[in-house]
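J.: for reference, the sequence and a predicted model appear below.
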Amino acid sequence: MFGLVDGNNFYASCERAFQPELIGKPVVVLSSNDGCAIARSNECKALGVKMGQPIHEVPRDVRRQLIVRSANFGLYGDISSRIVQILSDLFARVEVYSIDESFVSFEWIKPSDRARVAKEARARILQWTGIPSCVGIGQTKTLAKAGNKLAKKTVHGVVELVDPRAQLAAYPLEDLWGVGRKWSAKLGAEGIMTAVDLMDADTETLRARYGVVLARTQAELLGHPCSDIVEVEADRKQIVCSRSFGREVVELDDVCHAVAAFASNACEKLRSRSLMCGGVWVWLNTNPFKEDAAQYHPSKAFNLIAPSCDTREVMSVATALTKAMYRKGYRYKKGGVGLLDLTHGDIHQADLFAGVDPRSAKLMDTMDQVNAKFGRGAMVMAQTMRRGGAKWAVKRENLSPAYTQKWSDVLRVS
């Protein structure tokens, strides 16, 4: 049996965990540059704010009622890690599906104890992190996901699908994991409107018209698992760090500064996974929504002589690519750095003529240790620093404190 544990309105709940005065108020968390709604409290949803809706499109009278917060992903990631640790103490296996969702296995747990253990997990998460959650239980991941959706409408927050055909009789097809709006519209035209309708559909016809993915979804609805708990994340093929700029930049120096910062962040992620990259990819974009402005969307990649995870080397290549692409007269709104051809740090093809500097690994290791101990940004490359702040800096006007990352922001109890 599988379970899906999901933090309710996760980002908004994280904000409330450290600011209890927000409980009961309409809270909305915005995306990068304070653009679109990426999390909404129930009170915010009741006011009609939609997921992904640009905040400037929300009616002014509604906006006045909202408590707006800029995305604080560092805080959300820390809370997510704590929840995963709680689940690891209760369940034999845990798969982190996303920052707010985890699949768990109920193996070694008696059928009569499943609901009790699920409620215990909810209670611990709420008491130890302040995050409300729900748990769905089913024979497959798809059923567990559907159960979780139903659990959000209950007081106890736990639903076990012991009779999926009866419990999902009115379950909307578009809410089903692996279906979505586009397929649900096509299926609806064929009379398949609910999860049970999909259970009863002809398998061969589904496979022929929609492919193996939908056929697997049907199999999972019928109680036949098509995937198991994945405890170890699969090796990544590439790592990307990309941001929209807080405002348009035109000078080469400012563009290079942004790219250097992205390269530094990407290398930090690379080393945290004990990987090295064999190539660097950089791209820039002007604002496509300004149709009257000149448009330019360059992209360049470069293969390294030997795989590396040295921030200095990657940053040097990224800066050179940026200078080669840059054209004066354009207003750049977005940029990004991608690290390609990833390999494990202890398995890579060396170069006969390019020796590896033994001090490189020690320097990067020291930098990572310092930042882990004293907080991110305690030790950085000089190229990423800028007196007076970066002109391209992401707009985060309503950012909450780093409660779990900076000593200065830790809550004090008097």
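T.: It's in. Numbers count the residues shown, from 1 in each chain.
J.: C-alpha from now on. contacts and neighbour counts both.
T.: Fine.
J.: and residue 367, helix, strand or coil?
T.: Following DSSP: H, G, I helix; E, B strand; the rest coil, residue 367 is assigned to helix.
J.: for the protein, which spans come out with low pLDDT?
T.: Low-confidence segments of the chain, defined by pLDDT under 70: 347-356, 388.
J.: state which helix of it is the longest.
T.: helix 252-272 (DSSP state H).
J.: within its sheet, name the partner strands of the next helix or strand after that one and how each one runs.
T.: Counting by DSSP states H and E, the element after helix 252-272 in chain order, helix or strand, is strand 275-286. In the sheet containing strand 275-286, its partner strands are strand 299-308 (antiparallel), strand 332-340 (antiparallel), strand 343-344 (antiparallel), by DSSP bridges.
J.: rewinding a little: what does the longest helix of the chain rub up against?
T.: 239-242, 249, 276-277, 282, 309-311, 314-315, 318-319, 322-323, 326, 328, 332, 335-339, 368, 381, 383-384, 390-392 (C-alpha atoms under 8 Å, 6 or more residues apart in numbering).
J.: over to stretch 296-316?
T.: In contact with stretch 296-316 (C-alpha under 8 Å, 6+ apart) are residues 259-260, 263-264, 267-268, 270-271, 275-286, 317, 321, 325, 330, 343, 348-351, 354, 360-361, 364, 381.
J.: which of the residues you listed are buried? Put it as a ChimeraX command.
T.: Selecting only the buried entries of those in ChimeraX, with 16 or more other C-alpha atoms under 10 Å as the criterion:
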select :259,260,263,264,267,268,270,271,275,276,277,278,279,280,281,282,283,284,285,286,317,321,325,330,343,348,360,364
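J.: quick one on the thing from earlier: mind putting the strands paired with strand 275-286 in a markdown table, distance to residue 111 included?
T.: Formatted as a markdown table, the strands paired with strand 275-286 follow (distance: least, C-alpha to C-alpha, whole Å):
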| stretch | distance to residue 111 |
| --- | --- |
| strand 299-308 | 50 |
| strand 332-340 | 46 |
| strand 343-344 | 41 |
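J.: what's the domain layout of this protein?
T.: According to automatic domain parsing, the chain comprises the domains 10-73, 76-221, 239-384.
J.: end to end, how far does the second one reach?
T.: Distances were taken as C-alpha to C-alpha, to the nearest Å; on that basis the terminal residues of domain 76-221 are 32 Å apart.
J.: wait, what's in contact with the closest residue to residue 307 other than its chain neighbours?
T.: Spatial nearest neighbour of residue 307, excluding adjacent residues (C-alpha to C-alpha, 6 or more residues apart in numbering): residue 278 at 4.4 Å. Residue 278 is in contact with 303, 304, 305, 306, 307, 308, 339, 340, 341, 342, 343, counting by C-alpha under 8 Å, 6+ apart.
J.: ok, back up a step: need the winner for burial among the strands paired with strand 275-286.
T.: Most buried of the strands paired with strand 275-286 by mean neighbour count (mean count of other C-alpha atoms under 10 Å) is strand 332-340; its value is a mean of 24.
J.: relative to residue 177, how far out is residue 183?
T.: 11 Å.
J.: right, and residue 131 touches residue 123 too?
T.: No: counting by C-alpha atoms under 8 Å, residue 131 does not reach residue 123; the two are 9.6 Å apart.
J.: which of those two has more neighbours?
T.: residue 131 (26 against 16; other C-alpha atoms under 10 Å).
J.: what distance do you get for the more buried one to residue 411?
T.: Taken as C-alpha to C-alpha, the span from residue 131 to residue 411 is 17 Å.
J.: ok, residue 364 next?
T.: 32 Å.
J.: before we move on, what about residue 8?
T.: 23 Å.
J.: can you pick out the residue with more neighbours from these two?
T.: residue 8 (20 against 12).
J.: do I have it right that the more buried one meets residue 131?
T.: Yes: assessed by C-alpha under 8 Å, residue 8 is found in contact with residue 131 at 7.4 Å.
J.: in space, what's closest to residue 395 - neighbours in sequence excluded?
T.: residue 33 (4.2 Å).
J.: could you pull up the residues touching that neighbour?
T.: Contacts of residue 33 (C-alpha under 8 Å, 6+ apart): 244, 245, 246, 394, 395, 396.
J.: kindly report the same for residue 280.
T.: Neighbouring residues of residue 280 by C-alpha under 8 Å, 6+ apart: 301, 302, 303, 304, 314, 317, 318, 337, 338, 339, 340.
J.: again, but for residue 206
T.: 214, 215.
J.: any idea how far it is from residue 114?
T.: Taken as C-alpha to C-alpha, the span from residue 206 to residue 114 is 34 Å.
J.: same question for residue 57.
T.: 44 Å.
J.: can you check residue 247 too?
T.: Residue 247 is 51 Å from residue 114, by C-alpha to C-alpha.
J.: got it, and residue 164?
T.: 17 Å.
J.: quick one: the strands in this protein?
T.: 2-7, 27-30, 37-40, 67-70, 94-96, 101-105, 133-138, 158-160, 239-249, 275-286, 299-308, 332-340, 343-344 (DSSP state E).
J.: so who does the nearest residue to residue 222 once chain neighbours are set aside touch?
T.: Once flanking residues are discounted, residue 222 sits nearest to residue 199: 6.4 Å by C-alpha to C-alpha, 6+ apart. The neighbours of residue 199, taking C-alpha under 8 Å, 6+ apart as the test, are 218, 219, 221, 222.
J.: who wins for neighbours among the residues you listed?
T.: That'd be residue 221 among the contacts of residue 199, by other C-alpha under 10 Å, with 26 neighbours.
J.: pretty sure it sits against residue 142.
T.: Yes: applying C-alpha under 8 Å, one finds residue 221 in contact with residue 142, separated by 6.5 Å.
J.: what's the neighbour count on residue 412?
T.: Burial measure for residue 412: 6 neighbouring residues, criterion other C-alpha under 10 Å.
J.: same thing with residue 67?
T.: 15.
J.: what do you get for residue 50?
T.: 17.
J.: what does residue 209 give?
T.: Count around residue 209 with other C-alpha under 10 Å applied: 10.
J.: show me the contacts for it.
T.: No contacts exist for residue 209 under C-alpha under 8 Å, 6+ apart.
J.: against residue 172, how distant is it?
T.: 20 Å.
J.: same thing with residue 13?
T.: Applying C-alpha to C-alpha to residue 13 and residue 172 gives a distance of 26 Å.
J.: who has more neighbours out of the two?
T.: With neighbours defined as other C-alpha under 10 Å, residue 13 and residue 172 compare such that residue 13 has more, 25 against 15.
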